[in-house]
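Chemist: Here's a sequence, model it:
(one chain, ligands or ions: 2)
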Amino acid sequence: MILGSDVSNLSTTAATAVARGLSIVVPVYNEAAGLPVLHQRLGALATRLRQRFGLACEVVYVDDGSEDTTLAIARGLAADVLDVQVVSLSRNFGKEAALMAGLDHARRGAVMFMDGDGQHPPDLVEKLVDHWINGGYDVVYTAKANRDNETFLRRLAVRGFYALINWGARQKIPEDAGDFRLLSPRAVAALKQLPERNRFFKGLASWIGFRQIRVDYEPAPRTHGVTTFNVMRLLGLSIEGLTSFSVAPLRFASLLGVLLASVAFLFGLSIVWEVWTTGKQVPGYPSLVVGLMTIGGVQLIMIGIVGEYIGKILSELKARPIYFVAEHSEKRCEAEAAASPGERTAAE
Ligand code: UDP
Ligand code: MG
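Modeler: Ligands and ions are numbered 1, 2, ... in the order given. Here you go, the predicted structure:
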């Protein structure tokens, strides 16, 4: 029985990998205002990529249950320069699910994740593609060059999050890495084989290994609207990420337990010692209350942490689909079909 997985037939540098082209996956949730402009920019990008690398492109817009006119606008986008797929989910499933839906529908070989709000500059994509095609990298990820515009508290929280999630991990998740990344065909194949339903792409993309490279960039301001990730949602996402990806919190919990028990044991010893040497009864009320409250509080936290993991196990056990596609449409780019009639059947 083979328990590993061999994806070496999808070699990254081979001409066939490049010939299959690039799918740009864009999750969109209430991005109606900026979609036409983004599509235009992606069209220009596709033209440049074709000229420079001979790369054929498609874009997969995943409408994550938008409440505005995003879907209608996406349906109306022209496939004049690149193929366009529009995958509409049955409700808002969240960005990770939307990315998965895009990955599942991508028809070309390599996949690029890109936000639909204009924060991920299409101009940078050329550089990422260059790392893939000429550098032979499988995962080209981008990271915020700096966090100068963020508050001290937020930076501290980010630090803490990565310290915890990477604690004891063999493969560390790079700090500040975003979802804006390019995956080679074999990295895509590897990611699609991971069976878990609670997905944390930043972690998984790093976990699969292969040749990875970091590219620093400054995220542009949103072209419109506001971010959907407020502090509470970010906190939720962090707990999601931590519990679905790492057992560090559990380990932390056990260590804290050991630490507390040791302190209690030493404290007990010191009391025995004091009574023995001085013969005086130690006044116990305050130390008793402090001790009780500490233990009580710590136990509640630990039960909470364990509970998070039990919740994860339950949701994995139920094995519900990660998303439902309510509607799927696609437009083939005429110019592209004429340019490479044979290659498309090979890719499918
Ligand atoms: N997004 C999504 N589903 C959601 C929330 C966001 O598909 O439930 C998309 C959103 O349209 C955007 C990307 O995910 O393309 C990033 O979202 P946002 O800009 O709100 O996050 P931030 O850039 O602040 O991390
Ligand atoms: Mg954004």
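Chemist: And the pLDDT for the residue lying farthest from the centre of the chain?
Modeler: Within the chain, G279 marks the point farthest from the mean C-alpha position, 62.0 Å out by CA atoms, centre = their mean. We have a pLDDT of 78 for G279.
Chemist: check contacts around it.
Modeler: Residues near G279 by CB atoms under 8 Å, 6 or more residues apart in numbering: none. C-beta: built from backbone N, CA, C; applies to glycine.
Chemist: Geometric centre of this protein: which residue is closest?
Modeler: Closest-to-mean residue, the chain, CA atoms, centre = their mean: F201 / 2.9 Å.
Chemist: Got the confidence number for it?
Modeler: According to the model, F201 carries a pLDDT of 85.
Chemist: Disregarding residues adjacent in the polypeptide, which is nearest to it?
Modeler: In space, and not counting its chain neighbours, F201 is closest to L99: 5.6 Å by CB to CB, 6 or more residues apart in numbering.
Chemist: who in the stretch 1-150 of the chain is up against ligand 1?
Modeler: Counting by CB under 6 Å from any ligand atom, the stretch 1-150 of the chain comes close to ligand 1 at 27-29, 31, 64, 92, 94-95, 98, 115-117, 119.
Chemist: Kindly list the main-chain dihedrals of F180?
Modeler: Per-residue torsions, F180: phi -70, psi 100 (degrees, to the nearest 10).
Chemist: S329 sits in which helix or strand?
Modeler: According to DSSP states H and E, S329 maps onto strand 325-331.
Chemist: what are the ranges of the strands in the stretch 1-150 of the chain?
Modeler: Ranges of strands in the stretch 1-150 of the chain, per DSSP state E, counting those that start in this stretch, are 22-28, 57-63, 83-89, 110-113, 139-144.
Chemist: CSV please, covering these and showing mean pLDDT.
Modeler: Formatted as CSV, the strands of the stretch 1-150 of the chain follow (pLDDT from 0 to 100):
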stretch, mean pLDDT
strand 22-28, 94
strand 57-63, 94
strand 83-89, 94
strand 110-113, 93
strand 139-144, 90
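Chemist: Let's have these in a markdown table, adding mean neighbour count.
Modeler: Below are the strands of the stretch 1-150 of the chain laid out as a markdown table (neighbours: other CB atoms under 10 Å):
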| stretch | mean neighbour count |
| --- | --- |
| strand 22-28 | 26 |
| strand 57-63 | 28 |
| strand 83-89 | 23 |
| strand 110-113 | 26 |
| strand 139-144 | 22 |
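Chemist: In CSV, list the ones you listed along with distance to S244.
Modeler: As requested, the strands of the stretch 1-150 of the chain are exported to CSV (distance: least, CB to CB, whole Å):
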stretch, distance to S244
strand 22-28, 18
strand 57-63, 20
strand 83-89, 20
strand 110-113, 18
strand 139-144, 19
